[in-house]
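# here's a sequence, model it:
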Amino acid sequence: MAFDRLIENIVKTQNPSVVGLDPKLDYVPEYIKEKKFKKYGKTLKGAAKAIWEFNKTIIDEIHDICPAIKPQAAYYEMYGYEGVKTLYKTIQYAKEKGMFVMTDGKRNDIGATMEAYTKAHLGTVDIGESKVEPFGADALTVNGYLGTDGISPLLNVCRDTDKGIYVLVKTSNPSSGELQDMKLADGRTVYEAMGDMCEKWGSDAIGKYGYSDVGAVVGATYPEMLTELRQRLPHTMFLVPGYGAQGGGAEGLKGGFDKNGLGAIVNSSRAVMCAYKKEGCDERDFAKAARREAIRMRDDITQHISL
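Below is the predicted model:
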């Protein structure tokens, strides 16, 4: 089970947090950009090469203290095919270092199209007699608002290839309540109904720690709902965005964890990647600064839970 592997990484590192590698070119230190632009020009390739060095150096610094990374696909796609190549290299490198990798793609479709997304990000494609893994992430964020038709193509692949998904349930953005907090005819909110569907979709595959291969995205910015959903969804692993930059505090996160301090992993992206800017340290120390921020985040969260 994919989330068994993630939980074991969390226990090993004593760290229930994931670093979001969502790199804008502005986040990359000038000396790296200058070096790559000199070699490749101010091109998509130059930008992608700079981002790759940035990612690789951060992974080298944090892989022993962080259980996972979460690259957001959009930040690579905006640099075209060269950026997508960097996404692939980032996924593979982090896995080589023993990290769990969740691609934040929020994919959403039905039928053959969803099958194609599934094969691309979590499964394999047939090329002649060979089976080839296009990206090879361990998990993928998905949008469940097309209902079961959009999730079913993922489930068999998850179980055949030891992968997982995180379904958007209660997101961290300010306007999420416009739809997700609406009441249905049976009295449930939309987000509660989506959470219940996650429990149902994952019910056929429960791992040894009690969690299925169908997780949920539940924002740190809504701690009361995070706590409520933890009780409601006992077999659903949570991916918790919104810590730090979006205003979610560590104390409010504790309700998202179970009695063993498991069941959730908290994301931080910009705060880690740009820690060197906040510190005002030498830009060549950017990866060490990322490590310091990752440790600070770990300690901030774990003071409120017991792993």
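# which ones are touching residue 22?
71, 72, 74, 75, 104, 269, 270, 273 (Cβ atoms under 8 Å, 6 or more residues apart in numbering). Yep, even glycine has a C-beta here, placed from its N, CA and C like the rest.
# do the same with residue 256
218, 220, 226, 227, 229, 230, 238, 240, 263, 264, 266.
# could you rerun that using 7 Å?
218, 226, 227, 230, 238, 240, 264 (Cβ atoms under 7 Å, 6 or more residues apart in numbering).
# quick one: the helices in the stretch 51-200 of the chain?
74-77, 80-96, 111-121, 148-161, 177-180, 190-201 (DSSP state H, counting those that start in this stretch).
# and the ones you listed: which comes nearest residue 53?
helix 80-96 (9.7 Å; Cβ to Cβ).
# using JSON lines, lay out the contacts of residue 256 together with distance to residue 15.
Shown next, in JSON lines, are these (distance: Cβ to Cβ, whole Å):
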{"residue": "218", "distance to residue 15": "19"}
{"residue": "226", "distance to residue 15": "19"}
{"residue": "227", "distance to residue 15": "21"}
{"residue": "230", "distance to residue 15": "19"}
{"residue": "238", "distance to residue 15": "16"}
{"residue": "240", "distance to residue 15": "14"}
{"residue": "264", "distance to residue 15": "12"}
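# just the closest of those to residue 129, please.
Checking the contacts of residue 256 against residue 129 by Cβ to Cβ gives residue 238 as the nearest, at 40.3 Å.
# just to check, the closest one is in contact with residue 211?
No. Between residue 238 and residue 211 there is no contact under Cβ atoms under 7 Å: 9.4 Å.
# shared neighbours, these two?
residue 263.
# between the contacts of residue 256, which is nearest residue 306?
Among these, and counting by Cβ to Cβ, the member closest to residue 306 is residue 264, at 13.4 Å.
# so the closest one sits against residue 16, correct?
Yes. The criterion here is Cβ under 7 Å, and residue 264 meets it with residue 16 at 6.3 Å.
# could you dump the helices of the stretch 51-200 of the chain to a markdown table with distance to residue 34?
Below are the helices of the stretch 51-200 of the chain laid out as a markdown table (distance: least, Cβ to Cβ, whole Å):
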| stretch | distance to residue 34 |
| --- | --- |
| helix 74-77 | 21 |
| helix 80-96 | 18 |
| helix 111-121 | 33 |
| helix 148-161 | 41 |
| helix 177-180 | 44 |
| helix 190-201 | 46 |
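# could you dump those to CSV with mean pLDDT, mean neighbour count and distance to residue 258?
CSV is the format used below for these (pLDDT from 0 to 100; neighbours: other Cβ atoms under 10 Å; distance: least, Cβ to Cβ, whole Å):
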stretch, mean pLDDT, mean neighbour count, distance to residue 258
helix 74-77, 97, 18, 32
helix 80-96, 98, 18, 26
helix 111-121, 93, 17, 28
helix 148-161, 92, 18, 22
helix 177-180, 93, 15, 23
helix 190-201, 97, 20, 14
